[in-house]
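Asker: next comes the sequence, and after it the predicted model I'd like to discuss.
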Amino acid sequence: MTEERPKRRLAAIVVADVVGYSRLMEADEVATLATLKERRATILQPIVRAHGGRIVKVMGDGVLLEFASAVNALSAAIELQEKMADANVALPATRHIVLRIGINLSDVVIDGSDLYGDGVNIAARLQAIAEPGTIYVSAGIRDQVNRKLALGFDDLGPKALKNIGEPVHVYRVLSENVTEIFQKELTPLPLPAKPSIAVLPFTNLSGDVGQDAFTDGLTEDLITDLSRNAGLFVIARHSTFAYKGRSIDVRVIARDLGVRYILEGSARRAAGRMRINVQLIDAIGGGHLWAERFDRNLEDIFSVQDEVIGKIVEALVGQLVELPPRKRPKSLEAYDTCVRGRSLISSFTSFPEAIREARILLERAIRIEPEYAEATRWLAFVHWQLWAHSIDPSDETRSRALELAHRAVQLDESDAAAHWVLGYLLAYEKLWSASDKEFEVAFRLEPNNTDALVMWSELTVYADQPLEAIDGIMRALRLNPRPPGWYYWELGLAYYAAGRYEKAVETLRIEATYRSASRRILAASLAQLGRKDEAAREAALFMEATPKFTIAHWAAAQPARDIETVRRLVEGYRMAGLPE
């Protein structure tokens, strides 16, 4: 007998998911379920039928659809977004049902009425990285519908998707109505008193996606150097990189981020040369304040950065305050390697393997240039994360983190981030005075450093000053309005410590942080509110992802100047059923 081969067919797979489903259920479970049921019957099912598709399965807050045609799949997805937006008009903003959608064209494996395989998985991963109200498609979909539908596409380039072996080329669909849905979800922010600026990710014009790291590194370094000037209000990297690869009017971006000025540019790197174009735009008053092209040898990259910073500060503040210069690496190979390594650090909460890869790259950068302060600082932080998240919980890992943090400060005393990393680690050694001094230096060197502000706020929570911590995180969120998920984790911790358990639950249900280890604080908050079944469910989900967690180990490791905060958290953990 021969083994029966799995049945396959080519299909356009659509995966749609409700943004903020946990928050909606938390606010009103009955109304949310009723709304979803009604929209499946009156919007989803008719659209799928009209475009010749089928509903493969409904997955809680999501749905898997199959179409025989890429054109039909994308047309259906656009109509779905539009009709969902129309249906939201009658509801308050807090109850809007907004979708993320991913579409992929690929062979799929057929098992009865169900579908499996990488084709399905890629569509799900595209959905997961899409912004609220948008549609992300693979290159196969884009190629099939190009010139067949009156649409544009943002080319987002190759993306590494979780558990997918090869990068997938991703496009964002530019439909006028769909773009409007996304923009309606954004709340305009008021302008600060200081000159305010956002540096958008520079465009890589090299024709080589491998140069993206170089271009991103240039952008990040400009943000860091601008952040050192106390006379400016500088939006943090995580928020500006949310616009990477997207064709959005700079006036819209300035409004969304609450700034007046936008710096944008492009870079081309080839054969030891670089060409960088930069322009500073007044997004409210209109017009260009300054624009320049730099055509230089690649070795001049840091002097070009310094020139750009000087021009911007001169245009916006009028006088550049002299600060101790950061020490730059001598080796461009070491710089490139460090840039690739540091780019992985912020993504490790979603992809734990990224932190291990970051360690490999940073160690390589230091082998190339042993006195590279920034790489040493990031490697210290990586070792700390490996220890703190029980990826490598040995005492040697923790000691190595502290050793590297001390060395980073010794190598470059003008690197603000090196000081806050050391200050944070010293707090866990219960060296409070030394920790405070390092954070003071960090804020003096870089007043706009939001990561330092949030880390300092965490330590303030454990000093039993949760209201001051909440204020610090709120200031960080204004500088970083599209923050990494761990900012919400820290805010939820501060709310818990302040006894504001409802606010803690609301914050920790935010999609960006909900599926992380912050679930333990969410479980404790629910337990304090008497919602025992929910608390037990969140505690079980947390333990599934973090099986080595014990209350005793956690409590002993915390940087607690005041034991009362730890005691209240331990109380909540026990009530939620976490192990002793």
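Answerer: Structure received. Residues are numbered from 1 along each chain as shown.
Asker: give me the three-state assignment for Asp86.
Answerer: At Asp86 the chain is in helix, as set by DSSP: H, G, I helix; E, B strand; the rest coil.
Asker: and it, how far from Ala418?
Answerer: Separation of Asp86 from Ala418 (C-beta to C-beta, to the nearest Å): 52 Å. For glycine as for every other residue, the C-beta is placed from the backbone atoms N, C-alpha and C.
Asker: give the contact list for Arg293.
Answerer: By C-beta atoms under 8 Å, 6 or more residues apart in numbering, Arg293 lies in contact with 275-278.
Asker: adjacent strands (with direction) for the helix or strand containing it?
Answerer: Taking DSSP states H and E as the criterion, Arg293 maps to strand 288-297. Strand 288-297 sits in its sheet next to strand 273-282 (antiparallel), going by DSSP bridges.
Asker: buried sites along the strand it pairs with?
Answerer: Buried residues in strand 273-282, counted by 16 or more other C-beta atoms under 10 Å: 274, 276-282.
Asker: go on, stretch 357-365?
Answerer: 357-359, 361-362, 364-365.
Asker: make TSV out of the residues you listed and add distance to Asp17, pLDDT and secondary structure.
Answerer: What follows is the buried residues of stretch 357-365, written out as TSV (distance: C-beta to C-beta, whole Å; pLDDT from 0 to 100; DSSP: H, G, I helix; E, B strand; the rest coil):
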residue	distance to Asp17	pLDDT	secondary structure
Glu357	27	88	helix
Ala358	28	89	helix
Arg359	32	92	helix
Leu361	32	93	helix
Leu362	34	95	helix
Arg364	37	96	helix
Ala365	37	94	helix
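Asker: from those, which is closest to Asp392?
Answerer: Arg359 (9.3 Å; C-beta to C-beta).
Asker: and the nearest residue to the closest one once chain neighbours are set aside, what helix or strand is that in?
Answerer: The shortest distance from Arg359 to any non-neighbouring residue, by C-beta to C-beta, 6 or more residues apart in numbering, is to Val382 (4.9 Å). Remark: Val382 resides in helix 373-388, with elements defined by DSSP H and E.
Asker: which positions in that helix come out as buried?
Answerer: Buried residues in helix 373-388 (16+ other C-beta under 10 Å): 373-387.
Asker: helices or strands up against that helix?
Answerer: Judged by 3 or more C-beta pairs under 8 Å, 6 or more residues apart in numbering; DSSP states H and E, helix 373-388 is in contact with helix 332-345, helix 353-368, helix 395-411, helix 416-428.
Asker: also compute the angle for it relative to helix 332-345, please.
Answerer: 30 degrees (axes from the mean of the first three to the mean of the last three C-alpha atoms, to 10 degrees).
Asker: just the CA trace of helix 373-388, in CSV.
Answerer: Coordinates of each C-alpha in helix 373-388 appear next as CSV, following Å, rounded to 0.1, in the frame of the first residue of the first chain:
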residue,chain,number,x,y,z
ALA,A,373,30.9,51.3,24.4
GLU,A,374,27.4,51.1,22.8
ALA,A,375,27.7,47.5,21.9
THR,A,376,29.0,46.7,25.4
ARG,A,377,26.0,48.6,27.0
TRP,A,378,23.5,46.7,24.8
LEU,A,379,25.2,43.4,25.6
ALA,A,380,24.9,44.1,29.3
PHE,A,381,21.2,44.7,28.8
VAL,A,382,20.8,41.5,26.8
HIS,A,383,22.4,39.5,29.6
TRP,A,384,20.1,41.1,32.1
GLN,A,385,17.0,40.2,30.0
LEU,A,386,18.3,36.6,29.6
TRP,A,387,18.4,36.4,33.4
ALA,A,388,15.3,38.4,34.2
